[in-house]
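Participant: Need coordinates for the following:
(2 chains, ligands or ions: 2)
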Amino acid sequence: MPTRSSVSAPRRWAGLALSLVVLLVVWSVVAAADLVQPHYLTPSPLEVWHAFVRANSHHAVGGGIDRVVRGEENYFLWEHLLVSLRRIGLGLALGVVVGVPLGLLMGSVRWIGDLVGPYVDFLRSLPPLAYIGFLVAWFGIYDTLKVWLLFLAAFPPITLATVNGVRGVRLDQLNAVRSLGASRLQTTRHVILPATLPDILSGLRVAVGFAWTTVVAAELVNGLPGIGGLAYLSGTQNKIALSVACILVIGLTAIALDAVIRSIEKLVVPWRGKA
Amino acid sequence: MSKGIAVAGLEHAFPARGGAVAALGRIDLDIAPGELVTLAGPSGCGKTTLLRMIAGFASPSTGSISVGGVPVTGPGVERGVVFQQPNLYPWLDVRRNVALGPRLRGVGRAERLAIADRYLDLVGLSDAADRRPYELSGGMQQRAQIARVLAGDPEVILMDEPYGALDALTRERLQGELLSLWRATGKTILFITHSVDEAVFLGSRVLVMSPRPGRIVLDELVPFSADPDLAPDEIRALPKFGATAARVRAAIAH
Ligand SMILES: Nc1ncnc2c1ncn2[C@@H]1O[C@H](COP(=O)(O)OP(=O)(O)O)[C@@H](O)[C@H]1O
Ligand SMILES: [Mg+2]
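Facilitator: Ligands and ions are numbered 1, 2, ... in the order given. Reported below is the predicted structural model:
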């Protein structure tokens, strides 16, 4: 695997660049042809780019009104993005803080795992939007709601991956440290936790993807500032170019988040696949 | 001061589909402090099972085990275990693997790393101290594991075919190292092997186990390894070495 991707990396990038160019040309042609009416439903790449720049700068309102506004809805687009990222950051941090210790406990103490496992499993299989109404009733419509929602979305995959990791620790790795005099707590700290790290990071990766989908959807409810909120609002206000710009930013952010976690994995578990 | 091992009336059967697999027949065994006992026997006769019970990883169906007069109820720091697989932790470099025992005892950072370096030097691994275990050859990993066990300063060392997977040259060098080490420290060692040559070369006492269910069918004191006047590379050339090896081989084949 690694050799294949490293050998052909330049070619893959060239291929990607070429397909992007083709895509942009086709998109421009389709937009210029105005197959769909009204005209604003098919913004050209250039219009999307302008909307993107506008959303990141102070600009005149237009329409003959002499007023300058800040970005969109008083926030620059990158600020909308940061607010959404902050929300999933908080939700994921809580998910790790609760999920990892819970997973270690469930994996180490059989009966706790058997007792709690089905509930965590149930929670994971629920689409988070199923309980957003319930959470609104509990926490209102402000940021507390969204952080809770993201926490509930993030912690089950992290917990279950941790449990899986703990149960997969080789018995003799545990025996070896016990023979060196480790207590229960020391065994967890020095062997179970590091041995489980690759699984925890896999769980985190799943959780990040899940949380990102969820936050964007959750921002339909009082989501401003927020990139999902902006994507939704601009669509309903027929600012299609801006909406498309938001969609592109959301997608590219998802890819970037995944890349970040993968490089953390490389950094933190260099032994993965080698031992 | 090292400790002895006492195994009394031990028998073990593994639960299996449609009954039980008798792994160990009746074993009564006393190992004196400072002995280097080698245990040979055909594959599957129960050697590992016995070692794991002395290590405290499992308990026997019947019978009792005590080390230094204290009944074994679980793993303990006074019983170091060298596994057949090196079992090093890939998230620690070699030095920190070796320093783990002192670390668990609460020895300070500078001191435990110094201890690790001393044992790495002893097994000839100083150059590899900063590497990760998976960057080492099999023989180096085994030496690192032995250094880790020694740094834990156990009174009894249990070794399960530690050199089984190594090439003949590495193997003989490590055997020589172990012998010098035992002569220098006087630790009690139980060393499992399926090699007759290794058993006779290392052991101050050689045990042979019968096929499953394992019982001890030969128990013989061997004079070579304990003799401080014999250099390790002279032992195999002795005529009596060949004679002892022949007796051990016959006992295994029986
Ligand atoms: N956990 C286990 N469950 C069932 N049978 C086992 C288990 N461990 C070992 N055995 C059986 O017990 C016998 C002795 O095994 P072992 O002690 O590993 O032999 P040796 O180390 O002498 O090769 C073998 O027949 C093996 O299949
Ligand atoms: Mg064995």
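
Participant: Now A:Ala60, what are its backbone angles?
Facilitator: phi -70, psi 150 (degrees, to the nearest 10).

Participant: ok, it to chain B distance?
Facilitator: Here A:Ala60 is placed at a distance of 57 Å from chain B (Cβ to the nearest Cβ, to the nearest Å). C-beta: built from backbone N, CA, C; applies to glycine.

Participant: Who are the contact partners of that residue?
Facilitator: A:Ala60 is in contact with A:66-69, counting by Cβ atoms under 8 Å, 6 or more residues apart in numbering or on different chains.

Participant: Any idea how far stretch B:79-92 is from the middle of the chain?
Facilitator: Averaging C-alpha positions (Cα atoms, centre = their mean, to the nearest Å) puts stretch B:79-92 13 Å from its chain's average.

Participant: Can you get me the start-to-end distance on it?
Facilitator: Counting by Cα to Cα, to the nearest Å, you get 22 Å between the two ends of stretch B:79-92.

Participant: Would you check that my belief about A:Asp258 contacting A:Arg205 is correct?
Facilitator: Yes: with contact defined as Cβ atoms under 8 Å, A:Asp258 and A:Arg205 form a contacting pair (6.7 Å).

Participant: Next SSE downstream of the strand or helix carrying A:Gly103?
Facilitator: Assigned by DSSP states H and E, A:Gly103 belongs to helix A:77-108. Counting by DSSP H and E, the next helix or strand C-terminal to helix A:77-108 is helix A:110-125.

Participant: With just CA atoms, put that following helix into PDB.
Facilitator: The C-alpha trace of helix A:110-125 is given here as PDB (Å, rounded to 0.1, in the frame of the first residue of the first chain):
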ATOM      1  CA  ARG A 110     -16.300  -7.700  31.800                       C
ATOM      2  CA  TRP A 111     -19.600  -7.200  33.600                       C
ATOM      3  CA  ILE A 112     -19.500  -3.400  33.200                       C
ATOM      4  CA  GLY A 113     -18.900  -3.900  29.500                       C
ATOM      5  CA  ASP A 114     -21.800  -6.400  29.200                       C
ATOM      6  CA  LEU A 115     -24.100  -4.100  31.200                       C
ATOM      7  CA  VAL A 116     -23.400  -0.700  29.500                       C
ATOM      8  CA  GLY A 117     -22.500  -2.000  26.000                       C
ATOM      9  CA  PRO A 118     -26.000  -2.400  24.600                       C
ATOM     10  CA  TYR A 119     -26.900   1.200  25.600                       C
ATOM     11  CA  VAL A 120     -23.800   2.700  23.900                       C
ATOM     12  CA  ASP A 121     -24.600   0.500  20.900                       C
ATOM     13  CA  PHE A 122     -28.100   1.800  20.800                       C
ATOM     14  CA  LEU A 123     -27.000   5.400  21.000                       C
ATOM     15  CA  ARG A 124     -24.500   4.900  18.200                       C
ATOM     16  CA  SER A 125     -27.100   3.400  15.900                       C
END
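
Participant: So which bits of the very next helix or strand once past that helix are buried?
Facilitator: Once helix A:110-125 ends, the next helix or strand along the chain (criterion: DSSP H and E) is helix A:132-139. Residues A:132, A:135 are the ones in helix A:132-139 that count as buried (16 or more other Cβ atoms under 10 Å in any protein chain shown).

Participant: before we move on, the earlier item: name the nearest of the contacts of A:Ala60 relative to chain B.
Facilitator: The nearest member of those to chain B, counting by Cβ to the nearest Cβ, is A:Val69 at 52.4 Å.

Participant: Tell me if the closest one really is in a helix.
Facilitator: No: secondary structure of A:Val69 (DSSP: H, G, I helix; E, B strand; the rest coil): strand, not part of a helix.

Participant: Double-check it against A:His59; I have them as touching.
Facilitator: Yes: with contact defined as Cβ under 8 Å, A:Val69 reaches A:His59; the gap is 6.7 Å.

Participant: quick one, helices of the chain?
Facilitator: Assuming you mean chain A. Here chain A has its helices, by DSSP state H, at A:2-7, A:9-33, A:45-55, A:77-108, A:110-125, A:132-139, A:143-167, A:171-179, A:184-187, A:193-218, A:227-236, A:240-268.

Participant: wrong one, I was asking about chain B
Facilitator: B:47-55, B:94-98, B:100-104, B:109-122, B:138-151, B:168-185, B:196-202, B:232-235, B:239-253.

Participant: And the ones you listed, which one averages the lowest pLDDT?
Facilitator: Across the helices of chain B, helix B:232-235 has the smallest mean pLDDT, namely a mean of 85.

Participant: quick one: contacts of it?
Facilitator: By Cβ under 8 Å, 6+ apart, helix B:232-235 touches B:175-176, B:179-180, B:201, B:224-225, B:241.

Participant: which pair in these spans the largest distance?
Facilitator: Greatest spatial distance in those: B:Ser180 and B:Phe241, 18.1 Å, computed using Cβ to Cβ.

Participant: higher neighbour count, these two?
Facilitator: Comparing B:Ser180 with B:Phe241 by neighbour count (other Cβ atoms under 10 Å in any protein chain shown), the higher total belongs to B:Phe241, at 17 against 12.

Participant: so who does the more buried one touch?
Facilitator: Counted by Cβ under 8 Å, 6+ apart, B:Phe241 has contacts B:200-201, B:224, B:235.
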